[in-house]
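Asks: next input, structure requested:
(chains A and B)
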Amino acid sequence: MDLTTLTYTFVGATFALYIGIAFWARASTTGEFYVAGKGIHPVANGMATAADWMSAASFISMAGLIAFNGYGASVFLMGWTGGYVLLALLLAPYLRKFGKFTVPEFIGERYYSRTARIVAVVCLILASITYVIGQMKGIGVAFSRFLETDYDTGLYIGMCIVFIYSVMGGMKGITYTQIAQYCVLIFAYTVPAIFISLNITGNPIPQLGILSTMADGNTYMMDKLNLVVSELGFNEYTTQILGSKLNMFAYTLTLMIGTAGLPHVIIRFFTVPKVKDARSTAGWALVFIAILYTTAPAVGSMARLNLMNTIQTGPVGEVTANIEYEKRPSWFKNWEQTGLLKFEDKNGDGRIQYYNDKNKDFAAKAESFGWKGNEMVKVDRDIMVLANPEIAQLPNWVIALVVAGGLAAALSTAAGLLLAIASSISHDLLKGIFKPDITESQELMAGRVAMAGAIAMAGYFGLHPPDFAAGTVAIAFGLAASSIFPALMMGIFNKNVNRTGAVAGMITGIGITMLYVFQHKGIMFIPGTDFLGDMSPNWFFGISPNAFGCVGALANFAVAIGVSKMTEAPPEHIQHLVEDIRVPSGANAAVEH
Amino acid sequence: MNKNEYWKENLRLVSILLAIWFAVSFLFGIILVEELNMIRVGGVGLGFWFAQQGSIYTFLVLIFVYTKKMNALDRKHNVHED
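Replies: All right, here's what the predicted structure looks like:
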């Protein structure tokens, strides 16, 4: 079978599975719609959480980031996994004991304040929408590259699928589909990695492959990679850093506390039967996430090695060692068509030279070879995972599988985020603030309408991506890290933080983070309004805007505790509430819905 | 049941586990990475290995140790569910 037919078969089969599950797991109560009736086993819930968490970005972009940033990309690996330790130890069991449906609901009750609840809803919706846009774009791109439809059609198909199972099944439907999606995506990620690791190092386990020697000799694979990239003037793979060490520290910390503060992840811990299940769910989620995250360094480094070896086939400087453009492999041609890979024959020799022309020492040497600059003028990092099986010359069915996996990753995350948005609108805003006397079936209906609305809106943004879409990831993590995480943590661990302190802290945290991002990236990301310029000399201690959320979080903690000291202590019943959520016994007693 | 004692023991456990969490990621993976890279595991430095592999494995162990210890603590202080 040819690639297109195979891809249609794989994608079609997985979509049929997701819809089948949706019919089987329809939600009939608000409890089932919001938190799957609190009846999901921790292992199953961990798997669903993993699918929810690992988005198109984890599946498609992360290995590319690793391939080109080497050691520097460790911030993503540690940041996006270390957050689960914070979740398990500091938040999950207590939020489950509290036993409500949404994150703003906890913040509103703990700080006995509607203002706090509304601030939390705003943060939650902003952070979630930012994320959804990215997922929708991922779906459109995957369809247009592999199913040869146009981008818009791909997006509509994706929206229909999400609509069917999330509106009908709510959290219950989403959880069961996510379990299926996890299986698809992890299989799709690890199978090519195993093949490639076996090809390069002879070791079928990618995690060990990166520690092994090359299949054809005594050099270690990583030493070989370091040699290949530094011979062409690039930074050495295992030592290149991201900005400065302080920046890496701040970046990792921001991603960790941002992960622990993202509402669509926290919401999963409301869906387990018991407090002790909330603890182990975080562990199981991390098991399933770690399978992909510990494979990613192998995928990234081996893809880089394969890419370099494809272009530079022999010793640097020898004319025949650079591949002729006319003899370029077919994956090269395919990706050139998408515009994500671009070649420009600067010295007119008909061969491809790929090297770091920004490295002055090497550029001088390159000139002596008759090279006139790096000719791979564009290598989009996002193509690495999708192109990887083609670069390694794996069979077509592996490529088809990777497409289905990428779609599973994007769909599962989109559904989880949309549920977080829908539940905060129908439960926090409508039932919590505007119409407290709404009946359960009305609220369920409202939840479904809000979900449909959220899908339509995400689709709109997917069709017309705002110019600032790429920059908003900084905001999503910044918001979650600087507002939601500190408010939740202090709510549990510090009885003295009161309403005024919490609201002041959240606003300070968001304010500082947003101001820093805007002053370097432009107000609302409009070019030209970035009054301090997006360049490292102006960064505060060299910390990049994406890494600044942890500074906002520190300010949040300081302001909230300071203000609470100066204003009156929280009322008696709130102090009892905090004491009560600290112990597991009596869980569910507090849930009256 | 003594809630204060339970909470204190909980905080002690969480502090120890978070100290390890900090050590394997921020300390071994970032701050001391050059020093640790002098020690080689297979083809990579130990610091690099912690940053891209070791920290993640340790995180897993930390969560499961926490779960096990907390379940025991719940029973000891008789604050477990059911």
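Asks: residue boundaries of the strands in the chain?
Replies: Because you didn't say which chain, this covers chain A. A:341-343, A:376-379 (DSSP state E).
Asks: wait, I meant chain B there
Replies: Under DSSP E, chain B gives strands at B:40-41, B:44-45.
Asks: hmm, back to that, if you compare the strands of chain A, which one is most tucked away?
Replies: Stretch with highest mean neighbour count among those: strand A:341-343 (a mean of 17; mean count of other C-beta atoms under 10 Å in any protein chain shown). Just so you know, the C-beta spots here come from the backbone N, C-alpha and C atoms, and that holds for glycine as well.
Asks: please compute how far that strand lies from its chain's middle.
Replies: 27 Å (C-alpha atoms, centre = their mean, to the nearest Å).
Asks: give me the mean pLDDT for that strand.
Replies: Strand A:341-343 shows a mean pLDDT of 86.
Asks: packing partners of it?
Replies: helix A:330-338, strand A:376-379 (3 or more C-beta pairs under 8 Å, 6 or more residues apart in numbering or on different chains; DSSP states H and E).
Asks: right, and the strands of chain B - which one's nearest A:L225?
Replies: With C-beta to C-beta as the measure, strand B:44-45 is the member of the strands of chain B nearest A:L225 (10.2 Å).
Asks: what is the closest one packed up against?
Replies: Checking 3+ C-beta pairs under 8 Å, 6+ apart, strand B:44-45 ends up next to helix B:33-37.
Asks: please name every helix or strand in contact with the helix it packs on.
Replies: strand B:44-45, helix B:46-49.
Asks: make it 6 Å
Replies: Helix B:33-37 sits against helix B:46-49, with contacts defined as 3 or more C-beta pairs under 6 Å, 6 or more residues apart in numbering or on different chains; DSSP states H and E.
Asks: hmm, who's touching the helix it packs on?
Replies: A:71, A:238, B:33, B:36-37, B:39, B:41 (C-beta atoms under 6 Å, 6 or more residues apart in numbering or on different chains).
Asks: what of stretch A:503-515?
Replies: With C-beta under 6 Å, 6+ apart, stretch A:503-515 has contacts from A:115-116, A:119, A:478, A:482-483, A:487, A:548-549, A:552-553, A:555-556, A:559-560, A:563.
Asks: those: which two are farthest apart?
Replies: It's A:T115 and A:F548 that sit farthest apart of the contacts of stretch A:503-515, by C-beta to C-beta, at 25.2 Å.
Asks: direction included, what does the helix or strand of chain B with the lowest mean pLDDT pair up with?
Replies: Scoring the helices and strands of chain B by mean pLDDT, DSSP states H and E places strand B:40-41 at the bottom, with a mean of 87. Here strand B:40-41 has these sheet partners by DSSP bridges: strand B:44-45 (antiparallel).
Asks: rewinding a little: please identify the deepest-packed of the strands of chain B.
Replies: strand B:44-45 (a mean of 24).
Asks: what does that strand contact?
Replies: By C-beta under 6 Å, 6+ apart, strand B:44-45 touches A:222, B:37.
Asks: hmm, 8 Å instead?
Replies: A:210-211, A:220, A:222, A:238, B:33, B:36-39 (C-beta atoms under 8 Å, 6 or more residues apart in numbering or on different chains).
Asks: out of those residues, which end up buried?
Replies: Neighbour counting with 16 or more other C-beta atoms under 10 Å in any protein chain shown marks A:210-211, A:220, A:222, A:238, B:33, B:36-37 as buried within the contacts of strand B:44-45.
Asks: which one of those is nearest A:K372?
Replies: Nearest to A:K372 out of these is A:T238 (C-beta to C-beta; 30.3 Å).
Asks: where does that closest one fall, phi/psi-wise?
Replies: With angles defined as degrees, to the nearest 10, A:T238 sits at phi -80, psi 0.
Asks: so what's it up against?
Replies: Contacts of A:T238 (C-beta under 8 Å, 6+ apart): A:70-71, A:222, A:225-226, B:37, B:44-45, B:48.
Asks: mind running it again at 6 Å?
Replies: So A:T238 contacts A:71, A:222, A:226, B:48 (C-beta under 6 Å, 6+ apart).
Asks: and for A:Q337, the neighbour number?
Replies: 9 (other C-beta atoms under 10 Å in any protein chain shown).
Asks: pLDDT score for it?
Replies: 78.
Asks: can you tell me how far it is from chain B?
Replies: 33 Å (C-beta to the nearest C-beta, to the nearest Å).
Asks: looking at the closest residue to B:L18 other than its chain neighbours now. What's its pLDDT?
Replies: Nearest in space to B:L18, with sequence neighbours left out and distances taken as C-beta to C-beta, 6 or more residues apart in numbering or on different chains, is A:L89 at 6.7 Å. Per-residue pLDDT puts A:L89 at 94.
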